[in-house]
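Asks: fold the following, please.
(one chain, ligands or ions: 1)
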Amino acid sequence: MYNFDKIVNRKNTNCYKWDSLTTKYEGIDDIIPMGIADMDFEVCDEIEKALKERTNHPVYGYSNDVNKELAPVIYERYKNKGYDIELEDILVATGVVYIVTHIIRTFTKKGDKIVLPTPYYSPFGSVIESNERIILPCEMKLIDGIYKMDLASIENQIDETTSMFIFCNPHNPTGRIFDKDEMLELIDFCQRHNLLIISDEIHSDFALTKPFYPIININKYAKDNTFTVSSCTKTFNLAGLKVAFCIISNPELKEKYNKAAIHTGLDSVNVFGIEAIKAAYSKSQKWEEEMLEYLKGNREYVLNFFEEKLPKIKINPSEGTYLLWIDFTKSGKEVEKIQNILINECRVELNDGRMYGNHVGFGRMNLAMPRCYIIEACNRIYEVFK
Ligand SMILES: Cc1ncc(COP(=O)(O)O)c(C=O)c1O
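Replies: The predicted structure is shown next:
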């Protein structure tokens, strides 16, 4: 029903992915951008219709009582996804990174250590550091080709100033979907050290190869001590509308979160975002199903291509997200030069592994684009790395 092969020209639309290329890479004009995580697909027609309807009224002032309007819609969706939640646990806000910042500022102190599995989604690192907290990196280990947390490796670095753990599942950038036993181990670790948990589950609709399980369902400690942050913006390609939500089951944490949010603007949501989220969760199921199938096709294509033609470049076979974490360190080229080679010779932009906790020689590829770009990007990389 939907055509994900369609090329949509996004240039000159204030689009970071395409419009930043000219300033970042002056003089090269045909780069395929596969960095930033939004999609090049048109949104579902139902969402477009809802937004157009909203423009029939020509005033776009502050939104009122967004929780009342949106929490039931989100509740319905997350209940169906299996989340063990109550309606009043859902708190709508303007963005996941904004919520994470709010939680860190409210529930930790300057100088506190925050555990962050590495490689990590770069804003987690910058939010921790710009708020004068300290990243306690927990390097994930590749075991039989699967990224696993190595909690034992940081056990002796935990002290009374360590107050929080930032978990991301499905994991950006590696694409891991963590198993229940791994989460149990993580929760035990947090319980032993008295850590609050932020669980970023924004990619949870992209469970491409195995089921996703919310951490708050695992046990009481997780339920009472986790801030689950998520949004519809990845799934339905609405990142520019800035709308997200936090799930908090523990009333004390919720009260403190809400108190600190007064006058920060955290809950003053974009009026178009409100209409988009309603249309996304109630009328866009078919689009979502087809989009996920299309992404699986893109994923298969890239994995097969690299395995067959570029076996020295190892791709982590992402279980969730629309991202692939690619290891160029054994590609035969100097690792420090990989990013330059990709840009200048392949004319393909991947997000540089350095952004994810200094993983030199790695790149993150965004698969959410029409397949012709995916094929062209693979061919270009092949021509240079073969
Ligand atoms: C793990 C993760 N969290 C959060 C975000 C961004 O969320 P928001 O735009 O709501 O701040 C992204 C976007 O790529 C992401 O991958």
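
Asks: go ahead and confirm residue 104 touches residue 130.
Replies: No. With contact defined as CB atoms under 8 Å, residue 104 does not count as touching residue 130 (9.9 Å). Just so you know, the C-beta spots here come from the backbone N, C-alpha and C atoms, and that holds for glycine as well.

Asks: between the two, which is the more surrounded one?
Replies: Looking at residue 104 and residue 130 with other CB atoms under 10 Å, you find the greater number of neighbours at residue 104, namely 23 against 11.

Asks: roughly how far apart are the more buried one and the ligand?
Replies: 14 Å (CB to the nearest ligand atom, to the nearest Å).

Asks: in contact with residue 284, which residues are there?
Replies: 44, 46-47, 236 (CB atoms under 8 Å, 6 or more residues apart in numbering).

Asks: and these as CSV, adding distance to residue 203 and pLDDT?
Replies: Formatted as CSV, those follow (distance: CB to CB, whole Å; pLDDT from 0 to 100):
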residue, distance to residue 203, pLDDT
44, 18, 98
46, 22, 98
47, 19, 98
236, 13, 98
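
Asks: which two from the residues you listed end up farthest apart in space?
Replies: Pairwise distances among the contacts of residue 284 were taken by CB to CB; the largest, 9.8 Å, belongs to 46 and 236.

Asks: settle it for me: which of the two has more neighbours?
Replies: Neighbours were counted for residue 46 and for residue 236 using other CB under 10 Å; residue 236 has more, 25 against 19.

Asks: quick one: contacts for the more buried one?
Replies: By CB under 8 Å, 6+ apart, the contact set of residue 236 is 43-44, 47, 276, 280, 284, 287-288.

Asks: residue 207 - how many residues pack around it?
Replies: Residue 207 has 17 neighbours, counted by other CB under 10 Å.

Asks: and the contacts of residue 284, which is closest to the ligand?
Replies: residue 236 (12.4 Å; CB to the nearest ligand atom).

Asks: and the chain, which residues reach the ligand?
Replies: Proximity of the chain to the ligand is confined to 37, 95-97, 121, 168, 172, 200, 202, 231, 233, 239, 244 under the rule CB under 6 Å from any ligand atom.

Asks: next up, phi/psi of the nearest residue to residue 219 once chain neighbours are set aside, please.
Replies: Nearest non-adjacent residue to residue 219, counting by CB to CB, 6 or more residues apart in numbering: residue 187, 6.1 Å away. The phi/psi pair for residue 187 (degrees, to the nearest 10) reads phi -70, psi -40.

Asks: residue 320 too?
Replies: According to degrees, to the nearest 10, residue 320 has phi -140, psi -180.

Asks: give me the nearest residue to it, chain neighbours excluded.
Replies: residue 170 (2.9 Å).

Asks: buried set for stretch 216-227?
Replies: 216, 218, 221-227 (16 or more other CB atoms under 10 Å).

Asks: and residue 227, bridged to which residues?
Replies: Counting by DSSP bridges, residue 227 forms beta bridges with residue 198, residue 248.

Asks: from the ligand, how far out is it?
Replies: 13 Å.

Asks: same check on residue 102?
Replies: 12 Å.

Asks: from here on, count from 32
Replies: Right, with 32 as the first residue, what we last looked at is residue 133.

Asks: hmm, the residue nearest to residue 351 is touching residue 242, no?
Replies: No. Counting by CB under 8 Å, residue 242 is not a contact partner of residue 201; they are 11.0 Å apart.

Asks: shared neighbours, these two?
Replies: Common contacts of residue 201 and residue 242, defined by CB under 8 Å, 6+ apart, comprise residue 208.

Asks: and those two? Which one has more around it.
Replies: Taking other CB under 10 Å, residue 201 and residue 242 do not tie; residue 201 has more neighbours (26 against 11).

Asks: what's the pLDDT at the more buried one?
Replies: Per-residue pLDDT puts residue 201 at 98.

Asks: then residue 57?
Replies: 89.

Asks: got the residue ranges for the helices in this protein?
Replies: 47-50, 52-55, 76-86, 97-111, 127-138, 153-161, 211-223, 251-256, 282-292, 302-314, 316-340, 369-371, 402-416 (DSSP state H).

Asks: alright, calling it a day.
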